[in-house]
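[1] dropping the sequence and predicted coords here.
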Amino acid sequence: MDAKRVAAEKAVEFIHDGMVVGLGTGSTAYWAIRKIGEAVRNGLRIQAVSTSIDSEKLAEEWMIPLISMSEVEEIDITIDGADEVDDEGNLIKGGGGALLREKIVASVSKKLIIIVDESKKVNHLGKFPLPVEVVPFGHEITLRKLRTLGCETKLRLQEGSTFVTDNGNYIVDCIFHRISRPKELHDAINMIPGVVDNGLFIEMADKVIIGYSDGSMKVI
Ligand code: 5RP
């Protein structure tokens, strides 16, 4: 059984008629969007906001009614994946490069449900390189400043070219190995001119659903 699917389908049970729903991005969120699509086909009435162009396309395929962020005051529930989750529910996100929109959507969500397979649960964040979204202008300088925080930096590439986010920016993957003070690091990174945001989501998740390949799950 696909552990990502197990977690995703459990999360969809928290969606009810009339809600505004945030749609995450990635291979785990994919299963949630599919399940929401099936529910919509069976009569569920919701409006959804997407965190990426990819998820928007998927939602359209499933005929999930979409609205833009400009039309939204508050989102009832957002279901999204993560690259790492620590014991306190802090997250690293942005493996798919959608961290900025994901964080904006999460920040106005009454409930953020994170869906992961068991491989994402860690004691300490940082083994997964931390994605940081930076503006293209002067990005070499921004990378240099990021390195002063103690990481190795890799400008993300896609098929040999610089990866460009849905917002027209670049992603720098910062290898820290172990992040001992996530909140302090989050703030220090975002103080660097040229940084738009980083993939640390501190105390934002309300629930984390972990799926296991034997079909079981844990909600924390
Ligand atoms: C995209 C993300 C994803 O939620 C994260 O990378 C997890 O992806 P997946 O579910 O494919 O493992 O933050 O920016």
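    Structure's in. What do you need? Numbering: from 1, shown residues only.
[2] every contact and neighbour count from this point should use C-alpha atoms.
    Fine.
[3] does the lengthiest helix in the chain reach the ligand?
    Secondary structure of the chain read by DSSP state H shows that its longest helix is helix 27-41. Yes. Against the ligand, helix 27-41 shows contacts by C-alpha under 6 Å from any ligand atom at Ser27, Thr28, Ala29.
[4] distance check, the closest residue to Asp87 other than its chain neighbours against Ile115.
    Nearest in space to Asp87, with sequence neighbours left out and distances taken as C-alpha to C-alpha, 6 or more residues apart in numbering, is Asn123 at 5.9 Å. Applying C-alpha to C-alpha, to the nearest Å, the value for Asn123 to Ile115 is 17 Å.
[5] now do Ile64
    20 Å.
[6] end-to-end on stretch 93-113?
    13 Å.
[7] so for that stretch, mean pLDDT?
    For stretch 93-113, the mean pLDDT works out to 98.
[8] figure out how far that stretch is from the centre of its chain.
    5 Å (C-alpha atoms, centre = their mean, to the nearest Å).
[9] which residues touch it?
    The contact list for stretch 93-113 (C-alpha atoms under 8 Å, 6 or more residues apart in numbering) reads 11, 22, 24-26, 49, 51-52, 73-84, 130-133, 165-166, 171, 196-201, 204-209.
[10] what comes into contact with stretch 187-206?
    With C-alpha under 8 Å, 6+ apart, stretch 187-206 has contacts from 88-94, 99-100, 103, 106-107, 111-114, 130-135, 137-139, 142, 145-146, 149, 182-183, 186.
[11] check contacts around Glu133.
    So Glu133 contacts Leu99, Leu100, Asn169, Tyr170, Ile171, Val172, Val195, Val196, Asp197, Asn198 (C-alpha under 8 Å, 6+ apart).
[12] change it to 6 Å
    Tyr170, Ile171, Val196, Asp197 (C-alpha atoms under 6 Å, 6 or more residues apart in numbering).
[13] which of the residues you listed tops the neighbour count?
    Ile171 (31 neighbours; other C-alpha atoms under 10 Å).
[14] if we can go back for a sec, tell me the phi and psi of the residue nearest to Asp87?
    phi -80, psi -40 (degrees, to the nearest 10).
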